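Engineer: quick one: sequence and predicted model below, then my questions.
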Amino acid sequence: MSSPKLPSPDADSPLSRREQITLVASRLFSERGYHATSMRDLAAELGMQGGSLYAHISGKEELLIEIVNRAARQFDAALFSLKTADIAPELKLREAMSRHVSVVAENMDSATVFFHEWKHLSAGPLASVIAWRDGIEHFYRDLIAEGVAAGVYRPELNIKMTATLVLSSVNWTYTWYRPGGTLSPQDVATSFEQMLVLGLGSAAAGRKD
């Protein structure tokens, strides 16, 4: 069932027309896919004439870029403060996973667009997203390397492959998680943490004298 059309903004509206367009685009790109959503579809959902959209945006890709960049900023804000956090390596990784899942779960439409539709960007914006993804992967590699250096994780771990596994688990939450279900974002993160971090742990870290 389609969501009701958003009202036109006025002086008391908390959302600008540009913000409304972005939110509707995020939902439609998530539900239908970027290429399957036309400017006419966007205008119909917003109760606008097709041509009126161009008073606010240059085209669909501008909206895709905005949605992707906004999602990247949300992950950056949630995760990167942990780089200098003075906590144990295993706790830092667990907190990163929890924050990552929470960003996805609280922004399902934009997360779906971010992880699934980014490939439709043109060359310049696409290169920026690839560079960002590399940065996030290195962030997780560094967290795991900290744990290895501290003797918390097994010394023979392939750090690159481990980071890929951790990232895959948290990123792909968008494909199956449904807000309002029996599991909260924290429940999901805790389950991932327990399964993955237990597997990473070194014999020395787990041994009790």
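Structural biologist: Ah, there it is.

Engineer: which strands and helices sit next to the helix ranked longest in the chain?
Structural biologist: Secondary structure of the chain per DSSP state H: the longest helix is helix 123-149. Packed against helix 123-149, as judged by 3 or more Cβ pairs under 8 Å, 6 or more residues apart in numbering; DSSP states H and E, are the following elements: helix 60-79, helix 89-106, helix 159-171. For every residue, glycine as well, the C-beta is placed using N, CA and C.

Engineer: residues of the longest one that come out buried?
Structural biologist: Meaning helix 60-79. 60, 63-68, 71-72, 74-75, 78-79 (16 or more other Cβ atoms under 10 Å).

Engineer: turn the helices and strands packed on helix 123-149 into CSV, including mean pLDDT and distance to residue 116.
Structural biologist: Rendered in CSV, the data for the helices and strands packed on helix 123-149 read as follows (pLDDT from 0 to 100; distance: least, Cβ to Cβ, whole Å):
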stretch, mean pLDDT, distance to residue 116
helix 60-79, 95, 11
helix 89-106, 91, 12
helix 159-171, 93, 10
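
Engineer: would you turn these into a markdown table with distance to residue 52?
Structural biologist: Written out in a markdown table, the entries for the helices and strands packed on helix 123-149 read as follows (distance: least, Cβ to Cβ, whole Å):
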| stretch | distance to residue 52 |
| --- | --- |
| helix 60-79 | 15 |
| helix 89-106 | 31 |
| helix 159-171 | 36 |
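
Engineer: among those helices, which is nearest residue 125?
Structural biologist: helix 60-79 (5.0 Å; Cβ to Cβ).

Engineer: now that closest one against helix 123-149, angle please.
Structural biologist: In terms of direction (axes from the mean of the first three to the mean of the last three Cα atoms, to 10 degrees), helix 60-79 departs from helix 123-149 by 20 degrees.

Engineer: please renumber so the chain begins at 39
Structural biologist: Renumbered: residue one is now 39, and that last one reads helix 98-117.

Engineer: what's the angle from helix 98-117 to helix 127-144?
Structural biologist: Using the same axes, to 10 degrees: helix 98-117 against helix 127-144 is 150 degrees.
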